[in-house]
Each structure stands twice: as C-alpha cells, then as structure tokens.
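Q: output the structure for:
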Amino acid sequence: MKEPLTEELLAELLDAPDPASFADARNITQRSLSAYLQQLLDEKGLERADVVRAAGLNETFGYQIFMGQRHPKRNKVLQIAFAMRCTLKEANRMLQAAGVNELYCKNRRDAIIIFCLDRGYSLQRTDEELYRFNEETIC
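A: Below is the predicted model of the structure:
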C-alpha cells in the first residue's frame, strides 16, 4: 500500500472534525524507535548485529536500543543511521522516533551531516568531515 503524501494527510487533518477522529481513521500512532529500526532492517535486508558493529556501539547497548529498552541520544541515533546507510528522510524519521531533533540544514553541523548522508559517506568519513570543519564529531 502506497504511503500518502504529507500534504494529503495535512489536508485530511484540517478537514477532520477533530484530531482524534483523523488519527483513528488513519491509524496514526507514535512510532517507536525500535519498531522503525526493525522496519528498516527488514526493508534493507540488514542484520542487527552488523548494524550495531558498523555503528561502533557497545553490543549490549546496541541491542537494548533495538529492543526499545534504552533511549539513545541524538549522536547514537545518527551512528545507527549511518550504519544502516539511511537516506536523509529515513534518518530524520529515526531521529523523530527517538524523540530528538531532526537534522536541520540551517545548522552548520547538521548541514555537514546532511551532505554526508546524501553522498553516502561512511560514519568515519562523516566524522572526518566534521572534524575538518571544527564541528563536534558524531562518535
């Protein structure tokens, strides 16, 4: 089933008698980080252990994130996003599901990260770019 465009959903929301009826009709709920991570693993054909390793996370901590038992900070979510080779849209959805700020192109550090995500840079290369521009690295 094709996911509706945000603009289409916004129009439906504004036409709805109240927010609850809109949310009920569209089955809109808060997306958990662990559920979204599992969805991405399935869609991309990735193994959790490989992602945790590529993200440079402690194995136990990584598994706890994937199981929804830990709430990671923004940089840890970005590490996972790079390890999963996420698009900007996927990375922002992941950040949103984690309850942290999405990437924002008017923020210099975020702009560098967005550029690196778009170009398919590795986590290590992204950290090198951030370091080169005297910005806080992800790891």
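Q: contacts, neighbours, all on C-alpha from now
A: Noted.
Q: centroid residue for the protein?
A: Central residue of the chain (CA atoms, centre = their mean): Met94, 2.1 Å from the mean position.
Q: show residues contacting the helix or strand where that residue lies.
A: Using DSSP states H and E, Met94 sits within helix 88-97. Contacting residues not belonging to helix 88-97 are listed as 30-33, 36-37, 74, 77-78, 81, 101-103, 114, 117-118 [CA atoms under 8 Å, 6 or more residues apart in numbering].
Q: show the average pLDDT along that helix.
A: Taken as a whole, helix 88-97 carries a mean pLDDT of 96.
Q: name the element the residue of the chain most remote from its centre belongs to?
A: Going by CA atoms, centre = their mean, the residue of the chain most distant from its centre is Pro17, 31.7 Å out. Per DSSP H and E: Pro17 is located in neither a helix nor a strand.
Q: what is the least confident helix or strand in the chain?
A: helix 19-26 (a mean of 81; mean pLDDT, DSSP states H and E).
Q: assign a three-state SS to Tyr104, would you?
A: Classification of Tyr104 using DSSP: H, G, I helix; E, B strand; the rest coil returns coil.
Q: what sits against it?
A: Asp110, Ala111.
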